[in-house]
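>>> Next comes the sequence, and after it the predicted model I'd like to discuss.
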Amino acid sequence: MRRAWIVVWKDVLSERRSKETLNALVFFALLLLFVFQFALGPDRARVEAALPGLLWIAFVLAGLLAFGRTFLVERENDCWEGLVLAPGDRSAIYLGKLAGNMLLMAMVEAALLILFALFFSLDFTAALPALALVLVLGTFGLAAVGTLFGALTAQLRARELLFPVLLLPAVVPVLLGAVTATQTVLAGQPLASASSWVTLLAAADVVYLVVGLLTFEFVLEG
Amino acid sequence: MVQAQHLRKTYGPTRVLDDVSLTLVAGEGVTLLGPNGTGKTTLLRILATLQRPTSGSLSIGGVDAVKVPEAVRGAVDMVGHGSWVYEDLTAIENLRFWTTLGGHDAARARLKGALESVELDTVADQRARTFSAGMKRRLALARVLLGRARLLLLDEPFTGLDRAGRKWLAEFLLAFKAQGGAVIVATHSFDAGAGVADRVSILAGGRIVLDRPAASLALDDLRRLYDELAAGPVIAS
């Protein structure tokens, strides 16, 4: 855990100082919301019907930007070699990177929710506890696969192309579960009524995490 | 400490290393000379377990480093072209990261001590982004000091260093050897490289074409041999 923690500490500190990814993501989120508002217009019923899908499209697109950069920082000054040569269990590096991505996505998702509420005059307050659980489960699945594929493609020349091509099909179960559960929650229904989707989400998270832990060593070695 | 036997490395049809054998005992230093593209960096990367040889065997500290690279990694450190420095972290934060990741004691006093050893203690809290190439190399060597490496591999460590920096690095390597560490330096710099070596090897065309005790070679002889063996004959136009 100490080794995973130091990876999170390093990534958070670097990001806090450079703000490269966070600035880009917040700006991207703003652009996305302008596009959504332009496309949907002032019709509130239309917005509410499309909202769960829009939210997750925004999260996935932000994730594509964020996860793809996770390991690019390790290419600078050959730090990747240091990670490969570090003695001990490599899964600590994966867990650290995953936790860093979760933190980053939590900030972006919070910003997006606030912006959605402002742009579309929505009130998420009543649904917030259940919505938070769905967001955590969905984001974990996205980040677990995104972190692994971010490492897998970081050393490739065509990484910008390959990363989304690999990631998007892999996260389909997460998206199905997350969008449906979000729809249920935002409609004011109890989360229990979407329990099968929540179970799918949780199961996908476990599978992605285990696959990430088991394969990361081979991915890092290249 | 190191026993490499008949190492070969090919990339498709291109043979980069061809039957390279090298032995190194604790406290010994080898300077590896050779023109660009002769496989020096590839050899260092294989010795560091960053790459696998196509064939051949490599034993480090009696452990098969090809079959179980993870078993020797704590004993090997490398300072290559990149210095493993995170630009947005300070010098001491960089050391804290690598030391903790390596499972070593990362107490501030210990990290400061390592920075003092490489004469970077006055800039301990400055971001690495502001450092020169030489300072980044010193920071990388401070990282080496904090680990438990017994084999240190350096790729062109003298490049970009001024006279004082070269002298300092040579002294650092001599001290590392004196403590029982083994050092392999791949370099173009004859005088600086030979100064830290017990043996000098010349790598040409993927093969070690000369391996002699450094004491048996005067610098002029070494240059002449290098021209003959590595660079090939000069054809007058």
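Done, it's in. Residues are numbered from 1 along each chain as shown, chains lettered A, B, ... in the order given.

>>> And for A:Val7, the neighbour number?
Residues lying near A:Val7 (other CB atoms under 10 Å in any protein chain shown) number 22. All C-beta atoms are positioned from the backbone trio N, CA, C, and that covers glycine.

>>> whoops, I mixed them up, A:Leu152
Burial of A:Leu152, expressed as a neighbour count using other CB under 10 Å, amounts to 21.

>>> And for the one 3 residues further on?
The number of residues packed near A:Gln155 is 15, by other CB under 10 Å.

>>> Wait, it touches A:Trp80, no?
Yes: A:Gln155 lies in contact with A:Trp80 (CB atoms under 8 Å); the separation is 7.4 Å.

>>> What strand or helix carries residue 7?
Unless you meant another one, I'm taking chain A. Taking DSSP states H and E as the definition, A:Val7 sits inside helix A:2-18.

>>> ah, I was thinking of chain B
Take DSSP H and E as the rule and B:Leu7 turns out to sit in strand B:2-11.

>>> wouldn't B:Asp77 be in contact with B:Leu145 here?
No: under the criterion of CB under 8 Å, B:Asp77 lies out of contact with B:Leu145, with a separation of 9.6 Å.

>>> Give me the more crowded residue out of those two.
Each of B:Asp77 and B:Leu145 had its neighbours counted (other CB under 10 Å), and the higher figure belongs to B:Asp77 (27 against 20).

>>> what's the strand holding B:Leu7 in contact with?
B:15-24, B:39, B:42-43, B:46-47, B:51, B:53-60, B:151, B:182, B:184, B:206 (CB atoms under 8 Å, 6 or more residues apart in numbering or on different chains).

>>> Filter these down to the ones in strands?
Under the assignment DSSP state E, the contacts of strand B:2-11 contribute B:15-24, B:55-60, B:151, B:182, B:184 to strands.

>>> Just the buried residues out of those residues, in PyMOL syntax.
Command for PyMOL that selects the buried part of the ones in strands among the contacts of strand B:2-11, burial taken from 16 or more other CB atoms under 10 Å in any protein chain shown:
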select buried, chain B and resi 15+16+17+20+22+24+56+58+59+60+151+182+184
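
>>> Same list, the ones in strands among the contacts of strand B:2-11, but only the ones touching chain A.
The overlap between the ones in strands among the contacts of strand B:2-11 and the neighbourhood of chain A (criterion: CB under 8 Å from any CB of the partner chain) is empty.

>>> any chance you could map the strands in chain B?
With DSSP E as the criterion, chain B has strands spanning B:2-11, B:14-24, B:29-33, B:55-60, B:63-64, B:76-79, B:151-155, B:182-187, B:199-204, B:207-213.

>>> how about JSON lines for the ones you listed, with mean pLDDT and distance to A:Val211 added?
Output for these, formatted as JSON lines (pLDDT from 0 to 100; distance: least, CB to CB, whole Å):
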{"stretch": "strand B:2-11", "mean pLDDT": "92", "distance to A:Val211": "30"}
{"stretch": "strand B:14-24", "mean pLDDT": "91", "distance to A:Val211": "34"}
{"stretch": "strand B:29-33", "mean pLDDT": "91", "distance to A:Val211": "41"}
{"stretch": "strand B:55-60", "mean pLDDT": "94", "distance to A:Val211": "31"}
{"stretch": "strand B:63-64", "mean pLDDT": "93", "distance to A:Val211": "29"}
{"stretch": "strand B:76-79", "mean pLDDT": "91", "distance to A:Val211": "30"}
{"stretch": "strand B:151-155", "mean pLDDT": "93", "distance to A:Val211": "34"}
{"stretch": "strand B:182-187", "mean pLDDT": "92", "distance to A:Val211": "38"}
{"stretch": "strand B:199-204", "mean pLDDT": "89", "distance to A:Val211": "42"}
{"stretch": "strand B:207-213", "mean pLDDT": "88", "distance to A:Val211": "43"}
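
>>> want to throw those into JSON lines with distance to A:Val12?
As requested, the strands of chain B are exported to JSON lines (distance: least, CB to CB, whole Å):
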{"stretch": "strand B:2-11", "distance to A:Val12": "38"}
{"stretch": "strand B:14-24", "distance to A:Val12": "40"}
{"stretch": "strand B:29-33", "distance to A:Val12": "40"}
{"stretch": "strand B:55-60", "distance to A:Val12": "35"}
{"stretch": "strand B:63-64", "distance to A:Val12": "36"}
{"stretch": "strand B:76-79", "distance to A:Val12": "26"}
{"stretch": "strand B:151-155", "distance to A:Val12": "31"}
{"stretch": "strand B:182-187", "distance to A:Val12": "36"}
{"stretch": "strand B:199-204", "distance to A:Val12": "43"}
{"stretch": "strand B:207-213", "distance to A:Val12": "46"}
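
>>> how about these, which one is nearest A:Ala62?
Closest to A:Ala62 of these is strand B:76-79 (CB to CB; 36.4 Å).

>>> residues from chain B in reach of chain A?
When proximity is defined as CB under 8 Å from any CB, chain B approaches chain A at B:48-50, B:70, B:73-74, B:76-78, B:80-89, B:93, B:96-98, B:100-103, B:127, B:136.

>>> Return the members of the residues you listed classed as buried.
Using 16+ other CB under 10 Å as the burial test, the residues of chain B next to chain A include B:48-50, B:70, B:73-74, B:76-78, B:80, B:82-89, B:93, B:96-98, B:100-103, B:127, B:136 as buried.

>>> Which ones among those residues lie within helices?
B:93, B:96-98, B:100-101, B:136 (DSSP state H).

>>> Point to the helix or strand of chain A where mean pLDDT is at its lowest.
Ranking every helix and strand in chain A by mean pLDDT, DSSP states H and E puts helix A:20-40 at the bottom, with a mean of 86.

>>> Next, the angle helix A:2-18 makes with that one.
Here the directions of helix A:20-40 and helix A:2-18 differ by 70 degrees (axes from the mean of the first three to the mean of the last three CA atoms, to 10 degrees).

>>> Okay, buried residues for whichever helix or strand comes after helix A:20-40 please.
Counting by DSSP H and E, the element after helix A:20-40 in chain order, helix or strand, is helix A:44-69. By neighbour count, and taking 16+ other CB under 10 Å as the criterion, the buried residues in helix A:44-69 are A:47, A:50-52, A:54-56, A:58-60, A:62-64, A:66-69.

>>> Show me which helix runs longest in the chain.
All of this refers to chain A. Scanning chain A for the helix with the most residues, using DSSP H, yields helix A:91-120.

>>> should've been chain B
Assignment by DSSP H; longest helix in chain B turns out to be helix B:163-178.

>>> how big is the angle separating that one from strand B:29-33?
Comparing the axes of helix B:163-178 and strand B:29-33 via the same axes, to 10 degrees yields an angle of 130 degrees.

>>> Could you measure from whichever residue of chain B sits closest to chain A over to B:Asp155?
Taking CB to the nearest CB, chain A has its nearest neighbour within chain B at B:Gly82, 2.7 Å off. Distance, B:Gly82 to B:Asp155, using CB to CB, to the nearest Å: 10 Å.
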